[in-house]
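S.K.: Here is my input; please provide its structure:
(2 chains, ligands or ions: 2)
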Amino acid sequence: MSLRESLRVAMQALRANRLRSALTTLGVLIGVMSVVLLVAIGQGARSEITGAIEGLGSNLLFVLPGDGDFGGGPQRSSFQLDDVERLDRALPGGEGRAAGYVIGGEAVQAEGNRFNATVFGITENYLGVVDRTVARGQSLSASDIATGRRVAVLGATSAETLFPGQDPIGRTVSLGAIRYRVVGVLDRVGTTAFGPDVDRQVLIPVSAAQRLFGSTRIDAIFVRAESTVGIEADREAARAALAERLDEEEFSVVSQDEIIGVVGDILQILTWVLAAIAGISLLVGGVGVSNIMLVSVSERTREIGLRKAMGARTRDITRQFLFEAVALTGLGGVVGLGLGIAAAEVVAAVAPVPAEVTWWSIALALGVSVLVGLVFGVLPARRAGQLDPVAALRHE
Amino acid sequence: MSGGQETAPLLTAEEVTRVYVLGRDNEVHALRGVSFAVDHGEHVAIVGSSGSGKSTLLNLLGALDRPTSGHVRYHGRDVRDMDDTELAQLRNADIGFVFQSFQLLPRLTALDNVVLPLVYRPGSPRERRERARLALERVGLADRVTHRPGELSGGQQQRVAIARALVTEPALLLADEPTGNLDSRTGEEIMILLEELHRDRGTALVVITHEAEVAARAARRIELRDGLIVAEAA
Ligand SMILES: Nc1ncnc2c1ncn2[C@@H]1O[C@H](COP(=O)(O)OP(=O)(O)OP(=O)(O)O)[C@@H](O)[C@H]1O
Ligand SMILES: [Mg+2]
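M.R.: Ligands and ions are numbered 1, 2, ... in the order given. Next up is the predicted model:
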């Protein structure tokens, strides 16, 4: 029996039991769809986040609390305001390239509008170091920061939400019980590595933020190197400056590439975990296929006996049922792939994280669905092939 | 079959036994040493009461089953020595089966049912359908090609089954109670059809029956009782 003939017979059998075929393939369909969708989301998040880190420019160094083992979770910072200044002074070629900040979530109020903002308490050079620009008004001045004056610069979204259709410059916002005068509004950025939406920021002088959060620390320090070549010298200088006061495991100086590497790895693992979880539903779907194929073999015992009497070899029968199983799971795979891609598009359109369908998730999903058909089809197919023709023909 | 083989019998059964083992100390000796030969183009009836071993014998002659002892030979070759592929080939090329219960696939049209044995041999789908159409024409069902078995009368269903058996142009037609599920008039029509094929094509015909009228039509009768041949008459 030719391969084409086997395939035709298999499709004929599936068509004869349309509803059952559809329900059986549903498990595989959902499995493939979730593999494609979840991998797309994981992959999208990964390239979004690494892309955003890259967007900061490759000249950035991050001075972070802890020994740089991100796997251990966030670590409590030991940095103080002096450390930022000492570090800045220690950098080769002049000051103004290091900036520190404290960060916290806080409800901001203005004229009846309330908004959950990300409050950044920043040191003098912060905007320059992270390459942000003021759209209207002015930045926080050196004296604002030095004296902890109650002034604020708003991110674009913060400004629009708190003062819809109005010019926020000169108005006041309240953080807790304290009122701040708005002196500037930042240019819109969109998504960056600092969070889903830096446009929801409210920037205030670092000392004001420390009072607000009841903290004496600095959460992290950024250093903008003058060039990619100078970055190693800056790293050494920063390390040496901090080592004067802090233990080695209390801080780490990492470059953007290193962060991309670590974050990328973590997100890649996450993607694989998602794929594996989705893969479990594929397995469950496979068991369903096996089950229905066994039912199908037993229902068609007489057909098998007849085919053998007409000259079918054991191999022909086995292949017929194996093709049936693979057609079932393959069909589920193709439809699941289509739905998975469509779902990924929908997610990409409505969610802040884009979904990215990758060729390997497509290949994996289709390959695995065919494999599931083969693996879970073998048992029923072999059982069919080995039926004794006389007994099969007598079967009721 | 080609000329040289005309002299040797088409098939021989030598001291064939078949024991069904149902459990410890529970064996059914369905055949207890049966020997005979069927020549090319012969018409043989196998008769005997219910349980005498007729169907068991037919399954052995049709290479669907292997004897417990003894030999069934086709063209001088022992069925016992054939592997799965050779057995399939033998059933496909040399034997056509007609069953009491028709054994048509209900999902398939009459045409596709007749095509069935042809898919296990080389050929294009178009060729197969053409041959199947001719076979259906031959049994008088040219106008029922697209009907499914459920849409046909018993006699028509058996005609489809006969078309399926003859479409491969076998050397031997094996029929197990081909008229058993039909009324006597329809049964007679079916027997006439089988005999015509036997006469026109030189196909050997082995018919199992317990109806005396059916048996009387054969050139030779073999009577079984309790797994043994008790009478053979020409
Ligand atoms: N698969 C089997 N397992 C066990 N015993 C069997 C099997 N097939 C047949 N037999 C037994 O073998 C004997 C012969 O059966 P067989 O079917 O050959 O009879 P038969 O002559 O065709 O009868 P009938 O005219 O009723 O069809 C019977 O006693 C039957 O019970
Ligand atoms: Mg019988």
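S.K.: Which elements pack onto the strand ranked longest in chain A?
M.R.: The longest strand of chain A (DSSP state E) is strand A:98-110. For strand A:98-110, the helices and strands in contact under the criterion 3 or more C-beta pairs under 8 Å, 6 or more residues apart in numbering or on different chains; DSSP states H and E are helix A:81-90, strand A:113-122, helix A:126-129, helix A:156-162, strand A:172-175, helix A:206-213, strand A:220-224. For the C-beta atoms, the positions are set from N, CA and C on the backbone; glycine is no exception.
S.K.: Contacts for stretch A:108-117, please.
M.R.: A:105-107, A:119, A:155, A:158, A:161-164, A:168, A:171-175, A:200-202 (C-beta atoms under 8 Å, 6 or more residues apart in numbering or on different chains).
S.K.: between the helices and strands packed on strand A:98-110, which gets nearest to A:Ser296?
M.R.: Smallest distance to A:Ser296 across the helices and strands packed on strand A:98-110 (C-beta to C-beta): 57.2 Å, for strand A:113-122.
S.K.: And that closest one, how far out from the chain middle?
M.R.: Relative to the chain's own centre, strand A:113-122 is displaced by 25 Å; criterion: C-alpha atoms, centre = their mean, to the nearest Å.
S.K.: and that strand, which strands flank it?
M.R.: The strands beside strand A:113-122 in its sheet (DSSP bridges) come out as strand A:98-110 (antiparallel), strand A:201-205 (parallel).
S.K.: That one to helix A:206-213, inter-axis angle?
M.R.: Orientation check (axes from the mean of the first three to the mean of the last three C-alpha atoms, to 10 degrees): strand A:113-122 against helix A:206-213 gives 130 degrees.
S.K.: Was I right to think B:Leu224 contacts B:Ser52?
M.R.: Yes: under the criterion of C-beta atoms under 8 Å, B:Leu224 is in contact with B:Ser52, at a separation of 4.3 Å.
S.K.: Near A:Ala391, how many other residues are there?
M.R.: As a burial measure, A:Ala391 scores 12 neighbours (other C-beta atoms under 10 Å in any protein chain shown).
S.K.: Tell me which helix or strand the residue of the stretch 251-396 of chain A found nearest ligand 1 sits in.
M.R.: Residue nearest to ligand 1 within the stretch 251-396 of chain A (C-beta to the nearest ligand atom): A:Ala391, separated by 6.4 Å. Here A:Ala391, judged by DSSP states H and E, is contained in helix A:389-394.
S.K.: Would you mark the buried spots in that helix?
M.R.: For helix A:389-394, the neighbour count (16 or more other C-beta atoms under 10 Å in any protein chain shown) marks A:389-390, A:392-393 as buried.
S.K.: and the two most separated of these?
M.R.: A:Val390 and A:Ala392 (7.2 Å).
S.K.: Quick check: neighbours shared by the two?
M.R.: A:Gly305.
S.K.: Just the buried subset of the contacts of stretch A:108-117, please.
M.R.: The neighbour count (16+ other C-beta under 10 Å) marks A:106, A:119, A:155, A:158, A:161-163, A:168, A:171-173, A:175, A:200-202 as buried among the contacts of stretch A:108-117.
S.K.: can you give me the helices for the chain?
M.R.: Went with chain A since none was named. Applying DSSP state H to chain A gives helices spanning A:3-16, A:18-55, A:81-90, A:126-129, A:142-147, A:156-162, A:206-213, A:231-243, A:256-299, A:301-309, A:314-350, A:359-385, A:389-394.
S.K.: my bad, chain B
M.R.: All helices of chain B, identified by DSSP H, fall at B:54-61, B:84-94, B:110-115, B:125-138, B:154-166, B:184-201, B:212-216.
S.K.: related to what we said a few turns ago, now, which of the buried ones among the contacts of stretch A:108-117 lie close to ligand 1?
M.R.: Among these, none lies close to ligand 1 by the criterion of C-beta under 6 Å from any ligand atom.
S.K.: and which of the residues you listed is nearest B:Ile229?
M.R.: Nearest to B:Ile229 out of these is A:Arg200 (C-beta to C-beta; 98.8 Å).
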